[in-house]
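**Student:** Let me see the structure of the following:
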Amino acid sequence: MHVLESYALQNDLKIDRPFIHEKFFPLAVDKFITIDTSNLKTPALTYKHWQLVVDLIYVKLEEQGIKIIQLGNKDDTPIQHCYMAIGQCNFNQKCYVINKSLVHICPNNESMHIASAFNKKCVALFPNNCFPSQFAPYWSEKERVKIVSPETKQKPSFDPNETPKSINDIKPEKIAGKILNLAGIFTFVPSFETLRIGDSFYNKRMESTLAHLLDPQKLSVSSLIVRMDLNFNEKALKAQLEASPCSVITNQPFNMEILDQYSKKIVELVYYIEDDDVAGVNFIEKVAEKSINCLLRSRAVGDELSDHKLAFFDQGLVHQVPRKTREDFEELKGKKKIYYKSNHFIVHNNSFYISSASLLADEFINMSMEDPAKRQNSGFPSMDHEPQPIIDDPLFWEEEEHFHFFVRK
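**Tutor:** This is a model prediction of the structure:
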């Protein structure tokens with residue numbers, strides 16, 4: 001039974017279509033769909049793959065002159081290719097905008113019921129913390145609503161703070177197809193099926209091997225991450241720190257004079273402990289004296305890891321880097337010809353690599369940092385490069401949180 005029907009039954013009330021007072025909100029476009037990313041302060045309703053959804057539908061909508069307006073709270077993450085109205089509409093203004101939209105897309109929030117009251121076409125996302133039938137848009141004609149929920153056999157958790165959040169298991173290409181179909185566009189056929197999206201996939205990471213001097217602004221980042229563990233070059237490190245702030249990843253100490261001269265330019269230092277590292281202990285002590293934020297890591301296991309922790313006991317906690325393999329990921333088991341896209345870029349000799357493993361294998365990619373939408377017509381999610389086959393190597397799986405894995409259809 002729908003919760004509205006239950007409430008009406010308990011209180012001897014009759015259900016009728018609500019009257020909604022709309023309030024004018026100025027719009028820069030006439031033909032549009034709306035996406036409301038607000039979550040009613042319920043973490044289980046926060047869907048993190050909205051950008052991938054928009055990347056998939058953007059060009060198809062543009063061909064029909066249809067724009068996208070993003071609604072939501074002021075602290076919601078802005079989505080590229082959308083007209084921003086987050087944090088700008090009160091309830092009545094939101095009603096005005098939704099009533100003028102061609103299709104409304106949202107999780108199970110109040111705007112879903114606004115759209116239903118107007119009988120607007122709607123794509124509604126539901127996590128596995130409830131039965132969708134109990135909260136589905138009540139006043140809508142069935143053919144005008146598409147309910148999307150995770151593919152699972154588990155019973156609803158009824159937990160507003162789900163961990164992990166099941167709503168993120170909804171594949172972005174599935175949502176994109178339903179949006180376009182309701183908008184009258186039936187030519188979208190995704191060329192892939194999502195298997196897994198890493199937790200850090202949306203956090204753009206730009207690294208340099210110090211092969212040449214880079215300008216972070218031209219790469220659209222505030223500071224670089226320099227990989228001294230891949231190319232130990234103290235002269236190049238000094239030149240890069242002179243030009244811009246950097247986070248430094250290293251597996252051996254570098255010249256103390258660099259710390260003395262550029263400590264305020266080092267945003268963070270990540271130190272990988274390898275073998276018996278007496279020099280490293282002295283180096284990290286100097287790093288601490290300069291008040292540089294420092295993270296200690298080790299790939300060792302067992303007694304070797306214990307020795308590292310003991311050696312660096314006074315310098316801080318040593319974080320073990322877990323050893324991962326393809327078999328650790330249930331979604332990838334039994335799948336053949338798996339491809340990936342990455343938001344983790346390494347610049348080396350004027351070429352771009354999308355993982356440390358691809359750099360060591362010298363598998364660079366052709367990409368543009370300027371137009372992330374230009375490959376939309378390929379049917380693949382739009383980042384900045386073409387899909388690449390996975391590299392079954394421990395270093396590759398160590399960085400899996402930055403990757404979007406999928407199979408071609």
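**Student:** With adjacent residues omitted, what lies nearest to Val248?
**Tutor:** Leaving aside its sequence neighbours, Val248 sits nearest to Leu269 (CB to CB, 6 or more residues apart in numbering; 5.0 Å). For glycine as for every other residue, the C-beta is placed from the backbone atoms N, C-alpha and C.
**Student:** Which strands and helices lie in contact with the helix or strand where the one you found lies?
**Tutor:** Using DSSP states H and E, Leu269 sits within strand 266-273. The elements that strand 266-273 packs onto, with contact taken as 3 or more CB pairs under 8 Å, 6 or more residues apart in numbering; DSSP states H and E, are strand 246-250, helix 278-289, strand 294-298.
**Student:** now those as TSV including mean neighbour count, distance to Thr37 and mean pLDDT?
**Tutor:** TSV is the format used below for the helices and strands packed on strand 266-273 (neighbours: other CB atoms under 10 Å; distance: least, CB to CB, whole Å; pLDDT from 0 to 100):
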stretch	mean neighbour count	distance to Thr37	mean pLDDT
strand 246-250	21	30	97
helix 278-289	16	40	94
strand 294-298	18	32	97
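**Student:** Now render these as TSV, adding distance to Gln93.
**Tutor:** Converted to TSV, these look like this (distance: least, CB to CB, whole Å):
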stretch	distance to Gln93
strand 246-250	42
helix 278-289	52
strand 294-298	45
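**Student:** nearest to Leu9, of these?
**Tutor:** strand 294-298 (57.4 Å; CB to CB).
**Student:** Okay, now the sheet partners of the closest one, with direction.
**Tutor:** strand 266-273 (parallel), strand 318-320 (parallel) (DSSP bridges).
**Student:** what angle sits between it and strand 246-250?
**Tutor:** 30 degrees (axes from the mean of the first three to the mean of the last three CA atoms, to 10 degrees).
**Student:** ok, and what's touching strand 294-298?
**Tutor:** By CB atoms under 8 Å, 6 or more residues apart in numbering, the residues outside strand 294-298 that reach it are 268-274, 284, 287-288, 305, 308-309, 312, 315-321.
**Student:** And the buried ones among these, selectable in PyMOL?
**Tutor:** To isolate the buried ones among the contacts of strand 294-298 in PyMOL, judged by 16 or more other CB atoms under 10 Å, type:
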select buried, resi 269+270+271+272+273+284+287+308+309+312+315+318
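**Student:** quick one: the helices in this protein?
**Tutor:** 3-11, 50-63, 91-100, 110-117, 132-135, 172-182, 234-243, 256-262, 278-289, 302-311, 356-360, 394-398 (DSSP state H).
**Student:** for the second one, what is the average pLDDT?
**Tutor:** In this model, helix 50-63 has a mean pLDDT of 95.
**Student:** Okay, now the unreliable bits of this structure?
**Tutor:** Applying pLDDT under 70 to the chain picks out residues 367-384.
**Student:** Tell me if I'm right that Ala236 and Leu214 touch.
**Tutor:** No: the criterion here is CB atoms under 8 Å, and Ala236 misses it with Leu214 at 10.4 Å.
**Student:** who's more crowded, the two?
**Tutor:** Leu214 (21 against 18; other CB atoms under 10 Å).
**Student:** Look up how far Leu27 lies from the closest residue to Tyr262 other than its chain neighbours.
**Tutor:** Closest residue to Tyr262 apart from its sequence neighbours, by CB to CB, 6+ apart: Leu241 at 4.1 Å. Leu241 sits 48 Å away from Leu27, going by CB to CB, to the nearest Å.
**Student:** Give me the distance from stretch 169-183 to the chain's centre.
**Tutor:** 17 Å (CA atoms, centre = their mean, to the nearest Å).
**Student:** outside of it, which residues touch it?
**Tutor:** Residues contacting stretch 169-183 (CB under 8 Å, 6+ apart): 33, 47, 49, 52-53, 56-57, 60-61, 64, 66, 102-103, 105, 121-123, 125, 144, 146, 148-152, 186, 188, 190, 192-194, 381.
**Student:** Same question for stretch 37-48.
**Tutor:** Here stretch 37-48 has contacts from 50, 70-73, 76-77, 79, 86, 106-111, 125, 127, 129, 159-162, 165-168, 170, 202, using CB under 8 Å, 6+ apart.
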